[in-house]
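Participant: model this:
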Amino acid sequence: MIAVLGTVAVIGGATYAYMEYNRGTAGADAMQPVATVTAEDLLASYAADEAAADQRFVGEADQAIEVTGTIRAMEPVGSDKTNVILETGDPMAGVVCEFSNTDLPIDWRSGASVRVKGICTGLLMDVVLVRCVASE
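Facilitator: Residues are numbered from 1 along each chain as shown. Next up, the predicted model:
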C-alpha cells in the first residue's frame, strides 16, 4: 500500500514539474491595459523622465499597455518572431513591439495605423514592448 502511494506521489510530482517547466509565458492578450497612449507620447514620456515612465508603464509586475501608431517597419527576428516598429516622429527611436508570428496579423504592412497591446520593458534605444497582440 505504501509503495502504491509513493508511486502515485512520484508520478503526480513529475507530471506537475513537467507541466510547470513547459508552461509558456502569459501574453498580453488576456491582460487589461493599464494605460492607452500613442507611440509618440510613449517615447516623449521616456524622454522627459525615464524613471516616472518606467513606474507608469513597466510597473512592479507584468502589466499590459495599449499603444496606437503607424507602422514604420516590420523586421523578422529568427524564425518565430517579428518586431513591428511604430513611428514616433524621431528617426533615431521608435516603439518596438515584439510579436510571435502566430499573433501577428497577416494584413499588417508599413504605413498602416495599428493598435498594439503589449508588456512594456522600458527604454533601450527604443521603447520595447514584448508578448504583443493586435488590439481592437
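Participant: Check what contacts the lengthiest strand in the chain and list those residues.
Facilitator: Counting residues, the longest strand in the chain under DSSP state E turns out to be strand 64-77. The contact list for strand 64-77 (CB atoms under 8 Å, 6 or more residues apart in numbering) reads 28, 31-40, 42, 57, 82-88, 94-95, 97-98, 108-120, 129, 135. Any C-beta I mention is one placed from the backbone N, CA and C, and that applies to glycine too.
Participant: Filter those residues down to the buried ones.
Facilitator: Using 16 or more other CB atoms under 10 Å as the burial test, these include 28, 31, 35, 37-40, 42, 57, 82-88, 94-95, 97-98, 108, 114, 116-120, 129, 135 as buried.
Participant: Which of the residues you listed fall in strands?
Facilitator: Using DSSP E, these in strands are 37-38, 82-86, 95, 97-98, 114, 116-120, 129.
Participant: low-confidence ranges in the chain?
Facilitator: 4-6, 8-27 (pLDDT under 70).
Participant: looking at it, which residue lies furthest from center?
Facilitator: Going by CA atoms, centre = their mean, the residue of the chain most distant from its centre is Met1, 49.3 Å out.
Participant: hmm, back to that, walk me through which strands the longest strand of the chain pairs with, and which way each runs.
Facilitator: strand 36-38 (parallel), strand 81-86 (antiparallel), strand 113-123 (antiparallel) (DSSP bridges).
Participant: Buried residues, it. List them.
Facilitator: Neighbour-count burial for strand 64-77, counted by 16+ other CB under 10 Å, picks out Ala64, Ile65, Glu66, Val67, Thr68, Gly69, Ile71, Arg72, Met74.
Participant: any idea how far the second one is from Tyr46?
Facilitator: So that's Ile65. 12 Å (CB to CB, to the nearest Å).
Participant: likewise the third one?
Facilitator: With distances taken as CB to CB, Glu66 is found 16 Å from Tyr46.
Participant: cool, and the fourth one?
Facilitator: Shown here: Val67 relative to Tyr46, a distance of 12 Å by CB to CB.
Participant: Against Val127, how distant is Asp80?
Facilitator: For Asp80, the distance to Val127 - CB to CB - is 22 Å.
Participant: Good, we can wrap up now.
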